[in-house]
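K.L.:
Next one to model:
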Amino acid sequence: MDLYMMNCELLATCSALGYLEGDVYHKEPDCLESVKDLIRYLRYEDETRDVRQQLGAAQILQNDLLPLIAQYPQDKLLFDAVVRLMVNLTQPALLCFGKVPHDPGSRHCFLQVVSYLQAYKEAFASEKVFGVLSEKLYDLLQLDWEQRQEEDNLLVERILLLVRNVLHIPADPEEEKSVDDDASTHDRVLWAIHVSGMDDLLKFLASSSAEQQWGLHVLEIISLMFRDQDPEQLAATGQARPAKEQVADVRDLEVLRQRELAERKSRAFQRGRGGRLGDQVPPLRELKEHSHDLGKEPRRVPKRRQPAREAEPRRRSALNVRLFLREFCGDFLESCYNPLMRLVKDQLLREKSQQHDETYYLWAMAFFMAFNRGRRFRPELVSETVSVRAFHFIEQNLTAYYEAMLLDKKEATSWARRMHLALKAYRELLTTVQEMDRSPDEAVRECSKIIKNNIFYLMEYRELFLALFRKFQETHQPRCFLRDLVETTHLFLKMLEAFCRGRNNLVVQSKRVRRKKQPRAGRAAPPAQPRTPQELEELWPSLAEQLGVCGTEPLPEDVVPFDAASETPVEEQRAEAMVRIQDSLLGRRAPAALTLLRSAREVWPEQDVFGSPQAALDEEIELLRQILFAPLPRQAAPEVEEPGEEEEEEEEEVEEELASVQVSEKEFNFLDYLKRFASASVVKAYVLLLRGYRQNSTHTNHCVAKMLHRIAYDLKMEALLFQLSVFCIFNRLLSDPSASAYKELVTFAKYVLGKFFALAATNKKVYVELLFWKSTATVREMTEGYSSLQEGEGSGARRAPKWTLQEEEELRELYLKYKGVEGADVVGSILARLRAPGRTRKQVVKQLVRLGLAESARDFPRERKGTRLVLWTEEQERELQRLFEEFQGADDILGNIMKHLTAKRSKARVVEKLLSLGLVAERKELYKKRKRKPGLEDRSPWGAAGREDSAEGEEEESDSEEEEEEEAWEEGGAEERQDSECSWGHLSPLPSLVPAGLAGSLLWLQNCLNRAAEDREEDGTAQPVPLVPLLEENEDAMENQGFQKLLRKVGVRAPANEQVITPRQSPRGTLGNCSLRSQSGLWGASSPGADWLQGECGVEGGGGLSPEVPRLFSLSAEAPAQPDPSSDGEGTRPPRQRKRLRIEEEEED
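P.N.:
As a prediction, the model looks like this:
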């Protein structure tokens, strides 16, 4: 950025800081205020971070801020302000912009800020700067907690944040193209930290019990210090190279030499011979390698399908830096690792940390446990993280990360990196447990055995790797994740196999998920088929004999005439109840039919459909006889599906599932567990890693070969590898000049190819099978014959029986017979006349397609449920108009029309037609009118009014059109509101309550009503507000009969059931201005007990409800929460949250 484009105010502020003369910096008198002004400018910068860019271009941090803290460390206010400013300037660019911008303009600003941060890091690589910071931090830590002020804690935190920000700055790959063992900018910063003594202060903060609040800060800084280090290489620094590494180097050199020799031979072979045709005839090798794809433009892969980017390769730091880091790791393990990891784990579990802080815990677990193994394995140094709880913690995070990766598509790459961290920690835990098995200490080996017992017993740990393989996504998870997953799986299987080898009966936990599917509509047991009148006449005498003795014997009581959970309204279930009564009679269950009849009569008493309530037993028997002989409409019988077609049917109709997990124990078989890995998804992942066998390490290639060998040799499923892409890799491997370096892979490739050609000699179709990935069932068909699974063996036993020639001929004749019948269900007609029983609709349709009689299954669509009638004829419109005029004065207009309508239609269609014909103006005119049932006995303490409200509430809940009827009540319930308003003139209990000592309760009720009115005026909405008596005096009043009568007169609704003991204001009742004025007059100065209330309670006249509050109980609002009177209003101050990577500075007063 050009300095001449710098903001004039910003330039003047920077000029007022001071000037550098030689090595001495001279500050201006307004230096402190200028630093605060810069902090203020940074707070109000725009989205392009213009202030940050201008300060970076002017090199304010290098030329002014760093010299200020080095020259004036004793000026506390100035030092604190400068540190605050530097923390703000060095915060990561990713947090400044929120995310990496995609548009070119913002992306340029982002990269510009990153370049300025890299320049800042170069300036911080100074021993003098870190020396000043270390001295200041040491002085602050010397203070006891009684002497340490809040400003001191803030300064400690800011210094730690500044160190963290500097270490977080990424390296510039263009400027740091140096070889290994050369000092980079990050190495120089680490060396400055070491020379200044900052590393010792970090170890003190990690191990001190008095400084636990800085635990996560310290762990984050340490993770950034070792971000470029390999723990095993770091542990071997300064020691003689082991023989294993020397052998690996010799092998790599031999591979390179063989490739070079092969290239030389190829070049010598390609030299043209002399003569006239030497320059025209290409060599034979070139003809063999000729491809028609040469010169073609490669197909572009969309970004969403491109493989995830690999992590940048690590470079080795300078030797002196590695030696210092090795010493730091040793001291950290000795005195800091266990207490710090215990502290961090506690903060993570108690949610005292910030989001994603568990990643530092996972990194530290993987790094320091690997360092402990490479140095001198001492399990007591990492005992805090070697436990079953650590395995459980990692398994939970792996699952959570994967679910977040699926949900958060934009941040899927970040979630995949966190998954990789958790997988590394899991791998290191397994490796440490394996190392404990080799310990000479018996106690250590016993601890390892206990851990393995728990891990191998629980199903979650055994299924973890299978889930990770099946859920692997190349677009989100890089190849290095797959490599670590393969190596970790190899280690787990190796440990599990060794654990099972010496045990005959190993019992493990097994969990089975049993899914209970709710029955679909029409999927119940098929109803009894209608019988002929002669059969019914023969059946009736026995039923009449059973019904005759029902008057003396008790009837069953557990009979419900309707299904409350069904989507069908209760009113429409009346016809189904009639069919159920008939089915009970046909099933010779006469007492159940009689009980069902009486229960249905109570539910549907309208028009005496199920008889009159005063009907005698003889009348009921005669009614049952009529029901038995009546031709009632029935639904079509459901189809019985074959088990093998369950998944296909679920795709057509969604079923709600209720899963229950059953935990049991079973005997473990290692080969049975290994068979779980014999699937196409797992083999694809291994083949993907095998494709880069040249870049893989020897151990990685061994893990891949071992797993494929287990599948092909141990499980005898080599046909899973009969795939063209696998054979292409084998061809490239066998023709590789350095194939001798991959002896294990070459031997395995030859074994698989030999098995393939042996199978191809007997099964010529295996060449076509090369084009597809195969399942285990396909593998069996390939090896044992394609008809093996259809002859009742294995999974084929659940398949449908074959069609014989006679059945196919019969099917063809029936299809040709009913094919031309207009409007008929062809498949249904065929099913009704097929001789072979047990055939389903789907089987018939598939066989018709297979025989060529139909093109596809779409030619036979299923009959949709519901009515097909859409258009209205003139006769139907006249019938609808006649029915509307007939039932216009009834309580349920729409219900009566639906019952008597000839052409059955849905309620929505009928309502729309009534509106279009102009018979009704609004939908609410068709709503069912409610009526209270008279003659109810007053059994509850609230009397009949309470039970009426309760009954209404229950009726509302069972109605499917509750909201619409609420609107109809509010619009059309004027008569009931008038009745309630008129009842305000008869508040007779008030004078009798005053001598009873309930004046305080009356005042409490008055205040509650006033508060409810005010709240509803402010919110504009209302909910039922419960009246909760908190004082014992008010509780006694609520049990008083006279007070309860007063509440009912006021409009307070009784509890709906016995579980709710507090009354609430009825949403049905509505108090207008008239009622409020009458109530105010009753409770005002003119009330008979008003003078007494004024004398006893200090209530002035007219202190009742405000008459200006309209519709007090017509709406609903929750009662406002009351503050605790014992609280002082301030409460305890919440603990200060740690600022993770975002620093928001506050301006001082």
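K.L.:
Remind me which helix or strand Arg445 belongs to.
P.N.:
Using DSSP states H and E, Arg445 falls within helix 442-457.
K.L.:
Any buried residues in that helix, and which?
P.N.:
Buried residues in helix 442-457, defined by neighbour count with 16 or more other Cβ atoms under 10 Å: 444, 447-448, 451-452, 455-456. Heads up, the C-betas are built off the backbone N, CA and C, glycines and all.
K.L.:
same deal with stretch 484-504?
P.N.:
Neighbour counts using 16+ other Cβ under 10 Å place 484-493, 495-496, 499-500 of stretch 484-504 among the buried residues.
K.L.:
those strands in the stretch 1-150 of the chain, which residues are they?
P.N.:
Counting by DSSP state E, counting those that start in this stretch, one finds strands in the stretch 1-150 of the chain at the ranges 18-21, 24-27.
K.L.:
Include distance to Glu310 when you put the ones you listed into TSV, please.
P.N.:
Shown next, in TSV, are the strands of the stretch 1-150 of the chain (distance: least, Cβ to Cβ, whole Å):
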stretch	distance to Glu310
strand 18-21	44
strand 24-27	46
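K.L.:
Tell me which of those sits most buried.
P.N.:
Of the strands of the stretch 1-150 of the chain, the one with the most neighbours on average (mean count of other Cβ atoms under 10 Å) is strand 24-27, at a mean of 15.
K.L.:
Give me the helices and strands touching the top helix by length along the chain, please.
P.N.:
The single longest helix within the chain, with elements called by DSSP state H, is helix 243-270. Helix 243-270 sits against helix 284-288, with contacts defined as 3 or more Cβ pairs under 8 Å, 6 or more residues apart in numbering; DSSP states H and E.
K.L.:
Skip ahead from the helix it packs on and say which helix or strand is next.
P.N.:
Sequence-wise, the next helix or strand downstream of helix 284-288 (DSSP H and E) is helix 319-335.
K.L.:
what's next to that next one, contact-wise?
P.N.:
With Cβ atoms under 8 Å, 6 or more residues apart in numbering as the test, helix 319-335 has contacts from 181, 183, 187, 190-191, 194, 199, 203, 206-207, 222, 225-226, 229, 231, 234-235, 237-238, 316-317, 368, 371-372, 375, 381-382.
K.L.:
so how far is the helix or strand just after it from its chain's centroid?
P.N.:
Once the chain leaves helix 319-335, the next helix or strand it forms, by DSSP H and E, is helix 337-349. Helix 337-349 has its C-alpha centroid displaced from the chain centroid by 27 Å (Cα atoms, centre = their mean, to the nearest Å).
K.L.:
which other residues reach helix 337-349?
P.N.:
Contacts with helix 337-349, where a contact means Cβ under 8 Å, 6+ apart, come from 206-207, 209, 212, 215-216, 218-219, 353, 357-358, 360-361, 364-365, 368, 381-385, 393.
K.L.:
In helices, which of those residues fall?
P.N.:
Among the contacts of helix 337-349, the ones falling in helices (DSSP H) are 206-207, 215-216, 218-219, 358, 360-361, 364-365, 368, 393.
K.L.:
can you pick the most crowded of those?
P.N.:
Met365 (29 neighbours; other Cβ atoms under 10 Å).
K.L.:
how far away is that one from Phe393?
P.N.:
Distance, Met365 to Phe393, by Cβ to Cβ, to the nearest Å: 9 Å.
K.L.:
Then Met419?
P.N.:
14 Å.
K.L.:
ditto for Gln118
P.N.:
Using Cβ to Cβ, we find Gln118 at a distance of 36 Å from Phe393.
K.L.:
For the closest residue to Val683 other than its chain neighbours, give me the pLDDT.
P.N.:
In space, and not counting its chain neighbours, Val683 is closest to Leu720: 5.5 Å by Cβ to Cβ, 6 or more residues apart in numbering. Here the pLDDT value assigned to Leu720 is 93.
K.L.:
Kindly report the same for the one 3 residues further on.
P.N.:
With respect to pLDDT, Gln723 scores 93.
K.L.:
Now for the ones in helices among the contacts of helix 337-349: which two are most distant?
P.N.:
Maximum pairwise distance among the ones in helices among the contacts of helix 337-349 (Cβ to Cβ): 22.7 Å, between Ser207 and Phe393.
K.L.:
Pipe the ones in helices among the contacts of helix 337-349 into a markdown table and attach pLDDT and distance to Asp825 per row.
P.N.:
Shown next, in a markdown table, are the ones in helices among the contacts of helix 337-349 (pLDDT from 0 to 100; distance: Cβ to Cβ, whole Å):
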| residue | pLDDT | distance to Asp825 |
| --- | --- | --- |
| Ala206 | 93 | 78 |
| Ser207 | 92 | 82 |
| Gly215 | 91 | 73 |
| Leu216 | 93 | 70 |
| Val218 | 94 | 76 |
| Leu219 | 94 | 71 |
| Glu358 | 92 | 61 |
| Tyr360 | 94 | 67 |
| Tyr361 | 94 | 65 |
| Ala364 | 95 | 69 |
| Met365 | 94 | 66 |
| Phe368 | 95 | 72 |
| Phe393 | 94 | 60 |
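K.L.:
So which of those is the closest to Leu430?
P.N.:
Met365 (12.2 Å).
K.L.:
Hmm, Leu423 and the closest one touching each other?
P.N.:
No. Applying Cβ atoms under 8 Å, one finds Met365 not in contact with Leu423, separated by 11.8 Å.
K.L.:
how about stretch 610-619: buried residues?
P.N.:
Applying 16+ other Cβ under 10 Å to stretch 610-619 flags 610-611, 615 as buried.
K.L.:
now do stretch 837-852
P.N.:
Residues 839-849 are the ones in stretch 837-852 that count as buried (16+ other Cβ under 10 Å).
K.L.:
and of those, the nearest to Pro67?
P.N.:
Among the buried residues of stretch 837-852, and counting by Cβ to Cβ, the member closest to Pro67 is Lys842, at 84.1 Å.
K.L.:
just checking, what packs against the helix or strand containing the closest one?
P.N.:
Element membership of Lys842 [criterion: DSSP H and E] is helix 841-850. Using 3+ Cβ pairs under 8 Å, 6+ apart, the elements in contact with helix 841-850 are helix 805-818, helix 826-833.
K.L.:
circling back to that earlier point, quick check: mean pLDDT of the helix holding Arg445?
P.N.:
pLDDT averaged over helix 442-457 gives 92.
K.L.:
what's the following helix or strand after the one helix or strand Glu460 maps to?
P.N.:
Under the criterion of DSSP H and E, Glu460 resides in helix 459-470. Note on helix 459-470: by DSSP H and E, the next helix or strand toward the C-terminus is helix 479-501.
K.L.:
Please put the alpha-carbon coordinates of that next one into PDB.
P.N.:
Extracted in PDB, the C-alpha atoms of helix 479-501 (Å, rounded to 0.1, in the frame of the first residue of the first chain):
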ATOM      1  CA  ARG A 479      -5.200 -39.100   1.600                       C
ATOM      2  CA  CYS A 480      -3.200 -38.800   4.800                       C
ATOM      3  CA  PHE A 481      -6.400 -39.400   6.800                       C
ATOM      4  CA  LEU A 482      -7.000 -42.600   4.900                       C
ATOM      5  CA  ARG A 483      -3.400 -43.600   5.500                       C
ATOM      6  CA  ASP A 484      -3.700 -43.100   9.300                       C
ATOM      7  CA  LEU A 485      -7.000 -44.900   9.300                       C
ATOM      8  CA  VAL A 486      -5.600 -47.900   7.500                       C
ATOM      9  CA  GLU A 487      -2.600 -48.100   9.800                       C
ATOM     10  CA  THR A 488      -4.800 -47.700  12.900                       C
ATOM     11  CA  THR A 489      -7.100 -50.400  11.700                       C
ATOM     12  CA  HIS A 490      -4.200 -52.700  11.100                       C
ATOM     13  CA  LEU A 491      -2.900 -52.200  14.600                       C
ATOM     14  CA  PHE A 492      -6.400 -52.700  16.100                       C
ATOM     15  CA  LEU A 493      -6.900 -56.000  14.200                       C
ATOM     16  CA  LYS A 494      -3.400 -57.200  15.100                       C
ATOM     17  CA  MET A 495      -4.000 -56.500  18.800                       C
ATOM     18  CA  LEU A 496      -7.500 -58.100  18.700                       C
ATOM     19  CA  GLU A 497      -6.200 -61.200  16.900                       C
ATOM     20  CA  ALA A 498      -3.500 -61.700  19.500                       C
ATOM     21  CA  PHE A 499      -5.900 -61.100  22.300                       C
ATOM     22  CA  CYS A 500      -8.300 -63.800  20.900                       C
ATOM     23  CA  ARG A 501      -5.500 -66.300  20.200                       C
END
